[in-house]
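>>> Here's my sequence, what's the structure:
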Amino acid sequence: MSVRRHSAEHAESTHAFSSLQPRELEGVTVLGRRSMLKAGLAGMAGLSLPKLLQAREVSAQLDQRPMRQKSVILVWMTGGPSHIDTLDMKPSAPIEIRGPFQPISTALPGVQICEFLPKQAAMLDKMTMIRSVDCRFSNHEPNMVMQSANLDAEPRINREAEKFPALASIIARQRLESIPDLPPYVVLNMKSRSHVAWGGYLGHAYDPFLGDDVGKLFSLPSGLTTDRLQSRRTLTTDLDRLRRDLDLSGSMEATNRFTQQAVSMVTGSRARSAFDIGKEPESTRQRYGDHEWCRQALLARRLVESGVSFVTIDLSNHGSSGTWDTHGDNIPPYGGIWNGLRPLLPVFDHMLTTLVSDLEERGLLDDVLVLAMGEFGRTPKIGTQGSSDGRDHWPIVMSMTVAGGGFRHGQVIGASDRDAGQIKDRPVTPGDLAATIFQHMGVPLDVTYLDNRGRPRFLIDQGKPIVELCG
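Numbers count the residues shown, from 1 in each chain. Below you'll find the model as predicted:
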């Protein structure tokens, strides 16, 4: 907000609100009464919650429709996991193609996956593997194409790429009113802004809520208790009454509602409880384990159970292009297939299967769609970029895992060729994945949003729900 300087004599004049010192630039603080009245709750914990909530309402379209409470958990394997070393092994190929890992049998007759994924192998009858995902145009840093389902969302070739909204942001807009006291789109364990997609054309109101900042949100400044916060809100409301009758547009009533909603997020038991894995029984926490990825999976389950629509877990350990970007041991920090990828797989295996089993036991699996994927696969031939043990990016084909959502599972969709370098059968595009996600979430496929030129854009340019899953 700009502050206009007044003349000296005007500055010396007094008025009924001089005690609030409205011309004094105090910044956004919550240390004194005047500051609280100036800022309301704006800026608390780095979040302008009332403005965020208000922006969501202003930007929401009339295409919102009542929906059943459903959710998505995206286990984002940042960097691009090697399909040929995990879900689409080629044991008959030459060693430079098949890599160092051995295949094992699964719960699906005749289907094999990597030896370091034994838990997933044992429950593959409750999951679906897709071995023919077409990732062309996808890249990382930023990771946009697969998370937005828009082939133009590649910043290296399109200056407007980052404006295409995340699928999660679109869902957040559609489900605006379903969870008034919880953020609809949450990202956990985010190691870099470039690892996830954002609100884009929809606006910052639909950017993800960063779950790693939850401590800031729920840790009120020193000396500020929830009781004081509530009383200050009451004081703000009392002063607002002085000019409510002058506001013929009704925006004052709206502001009060948004402020109340923001206070609810800060002080309400629902949000606090959802983000507090300490409320889980010790047996459940032990079941997931102490690894950070596993704790984030448990938190993701708590969030969707509480009503969050979309949770993305940035499955990475560093802020470069991603832990799964296994270029080779001589290219830090990525590592190669043996030393880089191998240690990740048992943790991932435990995390994914524990999450899916927990959701099933709680009766949530039909309402929660779980996707485990990255931005592309890896080169069929091992040893790239001067390494002897790594694989480079390969957007031609990728494998992924799907569970839950009330879909039909216990199957493998699509296939790659003998070297895992090309799609042989049943290509699945980013648009197909998006249409499947939207169908699960009850988002109409014909909905549009406006770009910054006011032109309508369809949520999906090309794609339709995956019939093998959806029926």
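>>> only C-alpha atoms for contact and neighbour calcs from this point on.
Fine.
>>> Which secondary structure element is home to the closest residue to Leu359 other than its chain neighbours?
Leaving aside its chain neighbours, Leu359 sits nearest to Leu365 (5.0 Å; criterion: CA to CA, 6 or more residues apart in numbering). Secondary structure assignment for Leu365, by DSSP states H and E: no helix or strand.
>>> Where does the prediction get shaky in this structure?
Along the chain, the model assigns pLDDT under 70 to residues 1-68, 155-158, 161, 176-180, 213-226, 228-230, 232-268.
>>> which residues sit in contact with the closest residue to Trp198 other than its chain neighbours?
Nearest residue to Trp198, sequence neighbours excluded (CA to CA, 6+ apart): Asp207, at 4.9 Å. Contact analysis of Asp207 by CA atoms under 8 Å, 6 or more residues apart in numbering lists 169, 185, 198-200.
>>> per-domain residue ranges of the chain.
Domain ranges of the chain: 8-59+218-265, 71-215+269-470, per automatic domain parsing.
>>> and the most centrally placed residue in the chain, what are its phi and psi?
With distances taken as CA atoms, centre = their mean, Thr312 lies nearest the centre of the chain, 3.1 Å away. Here is the backbone geometry of Thr312 (degrees, to the nearest 10): phi -110, psi 130.
>>> hang on, isn't it packed against Ser71?
No: with contact defined as CA atoms under 8 Å, Thr312 and Ser71 do not form a contacting pair (11.0 Å).
>>> Break down the stretch 51-200 of the chain into its strands, ranges please.
In the stretch 51-200 of the chain, the strands defined using DSSP state E, counting those that start in this stretch lie at 71-76, 103-105, 112-114, 127-133, 185-188.
>>> Can you tell me the strand partners of the last one and which way each runs?
Meaning strand 185-188. When pairing is defined by DSSP bridges, strand 185-188 lines up against strand 209-210 (parallel), strand 310-314 (parallel).
>>> for the ones you listed, which one sits closest to Pro427?
Nearest to Pro427, of all the strands paired with strand 185-188, is strand 310-314, at 24.4 Å by CA to CA.
>>> who does the helix or strand following that closest one touch, helix- and strand-wise?
Scanning forward in sequence from strand 310-314 by DSSP H and E, the next helix or strand is helix 344-361. Helices and strands touching helix 344-361, by 3 or more CA pairs under 8 Å, 6 or more residues apart in numbering; DSSP states H and E, are helix 118-122, helix 282-288, helix 292-306.
>>> now for the last one, which elements pack on it?
With contacts defined as 3+ CA pairs under 8 Å, 6+ apart, the packing partners of helix 292-306 are strand 71-76, helix 269-274, helix 282-288, strand 310-314, helix 344-361.
>>> Out of the ones you listed, which gets nearest to Arg457?
Closest approach to Arg457 among the helices and strands packed on helix 292-306 (CA to CA): strand 310-314, 21.8 Å.
>>> From Leu315, how far out is Trp293?
Trp293 is 7 Å from Leu315, where distance means CA to CA, to the nearest Å.
>>> The two: which has the busier surroundings?
More crowded of Trp293 and Leu315, by other CA atoms under 10 Å: Leu315, with 30 against 24.
>>> residues touching the nearest residue to that one once chain neighbours are set aside, list them.
Using CA to CA, 6+ apart and skipping the chain neighbours, the partner closest in space to Leu315 is Met77 (5.0 Å). Listed by CA under 8 Å, 6+ apart, the contact partners of Met77 are 314-316, 322-324, 372-375.
>>> do Val428 as well
Val428 neighbours (CA under 8 Å, 6+ apart): 132-134, 414, 466.
>>> likewise Phe101?
85, 114-115.
>>> again, only this time at 10 Å
Neighbour list for Phe101: 84-86, 89, 91, 113-116, 337-338, 342 [criterion: CA atoms under 10 Å, 6 or more residues apart in numbering].
>>> Which one of those is nearest to Trp394?
Ile84 (10.9 Å).
>>> Identify the residues contacting that closest one.
Applying CA under 10 Å, 6+ apart to Ile84 gives the contacts 90-91, 97-99, 101, 113-114, 131, 377-381, 398-399, 416, 419-421.
>>> Quick check on those: which are buried?
90-91, 97-99, 101, 113-114, 131, 377-381, 398-399, 416, 419-421 (16 or more other CA atoms under 10 Å).
>>> one step back: looking at the domains of the chain, which is buried most?
With neighbours defined as mean count of other CA atoms under 10 Å, these peak in mean count at domain 71-215+269-470, which reaches a mean of 20.
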